[in-house]
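Participant: quick one, what's the 3D model for this:
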Amino acid sequence: MSIITFEGIQKWYGMGDAQTYALNGVDLSIEQGEFVAVMGPSGSGKSTAMNIIGCLDVPSSGRYLFNGLEVNDMDRNQRAMLRRYYLGFIFQGFNLLNRTTALENVELPLLYRGVSKEERHAQAREALKWVGLEGREDHTPAQLSGGQQQRVAIARAIVTKPLVLLADEPTGNLDTKRSIEIMEMLQSFNREFGITVVMVTHEDEMAAYAHRTILFRDGHIEGSGHAL
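Facilitator: Coordinates of the predicted model:
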């Protein structure tokens with residue numbers, strides 16, 4: 001079953017002669033449980049597509065269906081609820097709160113859901129355990145390495161067991177060894193929890209961990225291929 005479907009998605013900016021298309025008639029289908037790598041040069045439209053998938057932006061025309069629901073028909077609050085309950089986000093820059101502990105950073109999505117303090121603590125500790133940071137719950141980002149900070153960011157993204165995990169260059173700031181560790185972690189969450197992973201990357205080595213690669217160019221999907 002498709003969890004993400006684009007039908008003729010267009011996204012343009014400006015009007016008249018100044019109008020530019022970030023996406024121009026994109027058709028896309030991602031199955032539940034897939035691990036997909038999204039690639040393409042700068043300006044190809046891949047980031048715009050990810051923002052639409054993540055309900056951070058809306059298309060100018062076309063249909064976007066998430067798990068069979070018409071996202072186009074949702075208002076701002078409904079899209080925020082979809083993000084809160086069904087999506088997890090991992091960013092290249094980690095986006096952690098500097099003055100809070102690893103545990104508190106991971107608790108944030110649960111706080112927004114109104115989960116009780118005791119339950120937040122328990123779930124956040126479990127998520128940190130999943131990413132190998134048991135015992136570092138009270139460390140702030142400044143007390144953690146880059147790889148450990150990205151692990152905290154991953155724990156924060158998966159603590160709610162989202163249907164879809166969106167990862168934007170998750171290894172972009174890491175060395176090769178740490179990058180491999182992160183990719184193997186994403187693979188395990190995809191395999192063990194059935195979380196659909198959609199990852200933007202510029203690196204062929206990282207894309208090789210995915211089931212399928214989708215290549216964007218000039219606002220179109222140029223190609224899609226399965227990993228060997």
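Participant: next SSE after the helix or strand R63 falls within?
Facilitator: Assigned by DSSP states H and E, R63 falls within strand 61-66. Next helix or strand after strand 61-66 toward the C-terminus (DSSP H and E): strand 69-70.
Participant: pull up the pairing partners for that next one, direction included.
Facilitator: strand 61-66 (antiparallel) (DSSP bridges).
Participant: buried set for the partner strand?
Facilitator: 62, 64-66 (16 or more other CB atoms under 10 Å). Bear in mind the C-beta positions are built from the backbone N, C-alpha and C, glycine included.
Participant: can you name the residues in contact with that strand?
Facilitator: With contact meaning CB atoms under 8 Å, 6 or more residues apart in numbering, strand 61-66 is reached by 2-10, 25-26, 52-53, 55, 70-72, 82, 86.
Participant: please apply the same query to stretch 10-23.
Facilitator: 9, 24-26, 45, 48-49, 52, 57, 59-62, 219.
Participant: circling back to that earlier point, from the contacts of strand 61-66, which land in helices?
Facilitator: In helices, defined here by DSSP state H, the members of the contacts of strand 61-66 are 52-53, 82, 86.
Participant: which of the contacts of stretch 10-23 tops the neighbour count?
Facilitator: A49 (29 neighbours; other CB atoms under 10 Å).
Participant: which strand or helix spans it?
Facilitator: Secondary structure from DSSP H and E places A49 in helix 46-53.
Participant: which elements pack onto that helix?
Facilitator: strand 2-13, strand 20-31, strand 35-39, strand 61-66, strand 164-168, strand 196-200 (3 or more CB pairs under 8 Å, 6 or more residues apart in numbering; DSSP states H and E).
Participant: average pLDDT for that helix, rounded please.
Facilitator: For helix 46-53, the mean per-residue pLDDT is 95.
Participant: tell me the angle that helix makes with strand 2-13.
Facilitator: If you take axes from the mean of the first three to the mean of the last three CA atoms, to 10 degrees, helix 46-53 sits at 120 degrees to strand 2-13.
Participant: and the nearest residue to N98 once chain neighbours are set aside, what does it touch?
Facilitator: Nearest non-adjacent residue to N98, counting by CB to CB, 6 or more residues apart in numbering: P141, 5.4 Å away. Counting by CB under 8 Å, 6+ apart, P141 makes contact with 94, 96-98, 102, 105, 149, 152.
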